[in-house]
Every structure is written in C-alpha cells, then in structure tokens.
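# next one to model:
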Amino acid sequence: DIGTGDVTTVSTVPPSHTTGARFVAKEDGIICGLQIAARVFKMLDADIEFYPLVKDGDKVVKGDMIATVSGNTRSILTAERTALNYLQRLSAIATKTSYYVKLLEGTSARITDTRKTTPGLRVLEKYAVAVGGGSNHRFGLSDGVLIKDNHIAAAGSISNAVNAARKNVPHMVKIEVETETLDEVKEALNVGVDVIMLDNMSIDEMREAVLLINS
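The predicted structure is shown next:
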C-alpha cells in the first residue's frame, strides 16, 4: 500500500507529531481480526501501542469502542487503512456467518465454508468463519477428495471417479462427491462415498435427497 511512500502524510504531518485514535463500531456485529490489525501497525512502527478493548468473537453494537491506537501520527495514518481493511472484512465474514449459524439453531445442520476465498487471504477468511461459529471445509486441494462435475465427466461416471480415487489416495482421506440430481445421489450412495454435496438443487430436491441419504 505504501509503495515509495505515503506522500500525503509525509507532506502534511510533522515527523515528530504523535496522536491517538479509536476504532468504533458503526453497526452491530461480531469482531474479528484484532490481532491482524495490531500486527499491521507494529510492522510499520514497533513503537505504536494498539490496545484491543474486545476479543475476536465478541459481539458489539453500534457505537462500541473496539480498540485504541497511539503513537507517531505519520505511522498511524499510513497503516490505518490496511489495518481497517483486515478488521472490517474479517468482522463482516464473522458477522454474516454468525447470522446464518443462528438461523440453524436447533437443527443438526452446520454452516461450512468453501475454497472460494480472496487470493492471499484464505487462512484469515476461514479463521473468520470459525470465529463466527461456522466450520471449515478444505483449506486446499490436498486436504481431501472432492469429485466435482468436471471430474465425473472426465472419469465417465461417479462410480468410476470414486473407485479410481479409492485406489490412489490413502485410506484415511475422505471422498466427497458433488451431485446435481437424485439419480447422482443414489449412485454416490451405492458406491459408498463419505460425503455427498447437493449442488444447485431446489428445496424440494434437497429435502428428498436428505431423506435418501439418511434412509
């Protein structure tokens, strides 16, 4: 973000100027990313003091103070946007995850993330999902077998793909299959996969698929 320098701050703020600032919630939500925000400031200037007033996972309401920061004004102004970007994005993910987790209270369903994450931020964004009460799926392609429609097309069928995977991966690696129809669900069940993903199905189709899987 800095490039060759923060020209605005350097040209307007005296080098010895010091100040303090507050992080204030502008809406209700779940906080996540405080340690990352603190690290941003410390990487730029080890003398900056960052004091969190809540913890990751805490619920805040509009107007609550989240943290304070004090030190060299140039350092604070140069680092603030990057620190806020992390704090806002991760808090937003944790907040949205928490919203859906609460909708599922009283059921056995869980909110689970995907690999569709911002490049370079996967570990942090998946951490935010966990802070919000969700569960992590694969962190990468090496974590487990997930046979999708393109794999099925290349292998010729779900059964072919699953059987090939069983021959080539360690026995402790789970095999998940993406299904789009009830017939595919039945084939996945017949071949004994560990996890069945219901992809782009209607509510009625999913209801019937769940009954099939649990029968």
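
# ok, then the element right after the longest helix anywhere in the chain?
Using DSSP state H, we find that the single longest helix of the chain is helix 73-103. Once the chain leaves helix 73-103, the next helix or strand it forms, by DSSP states H and E, is helix 122-131.

# distance from the chain centre to that next one, please.
4 Å (Cα atoms, centre = their mean, to the nearest Å).

# next secondary structure after that helix?
Following helix 122-131 in sequence, per DSSP H and E, is strand 145-147.

# what sits against T95?
Contacts for T95 (Cβ atoms under 8 Å, 6 or more residues apart in numbering) come out as D28, G29, I30, G132. Quick note: C-beta positions are derived from backbone N, CA and C, even for glycine.

# what of D56?
Contacts of D56 (Cβ under 8 Å, 6+ apart): I31, C32, G33, L34, Q35, A94, V131.

# from memory the third one sits against N85, does it?
I take that to be G33. No - when contacts are counted by Cβ atoms under 8 Å, G33 is not listed as touching N85 (9.3 Å).

# those two: who's more crowded?
It is G33, of G33 and N85, that has more neighbours when counted by other Cβ atoms under 10 Å, with 26 against 15.

# and the closest residue to I158 other than its chain neighbours, what are its phi and psi?
Among residues not flanking I158 along the chain, E187 sits closest, at 4.6 Å (Cβ to Cβ, 6 or more residues apart in numbering). Main-chain dihedrals, E187, degrees, to the nearest 10: phi -70, psi -40.

# what stretches of this structure score poorly on pLDDT?
Across the chain, nothing is flagged by pLDDT under 70.

# re earlier: narrow the contacts of T95 to just the buried residues.
Among those, those classed as buried by 16 or more other Cβ atoms under 10 Å are G29, I30, G132.

# in TSV, list the residues you listed along with distance to G71.
Shown next, in TSV, are the buried ones among the contacts of T95 (distance: Cβ to Cβ, whole Å):
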residue	distance to G71
G29	27
I30	28
G132	31
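
# count of residues packed around the residue nearest to R81 when sequence neighbours are not counted?
For R81, ignoring the flanking residues on the chain, the nearest one in space by Cβ to Cβ, 6+ apart is D1 at 6.8 Å. Using other Cβ under 10 Å, D1 has 10 neighbouring residues.

# pull the distance from stretch 138-153 to the chain's centre.
19 Å.

# possible to save the contacts of T95 as JSON lines with distance to T118 and secondary structure?
Shown next, in JSON lines, are the contacts of T95 (distance: Cβ to Cβ, whole Å; DSSP: H, G, I helix; E, B strand; the rest coil):
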{"residue": "D28", "distance to T118": "24", "secondary structure": "coil"}
{"residue": "G29", "distance to T118": "19", "secondary structure": "strand"}
{"residue": "I30", "distance to T118": "19", "secondary structure": "strand"}
{"residue": "G132", "distance to T118": "16", "secondary structure": "coil"}
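
# right, I'll call it a day here.
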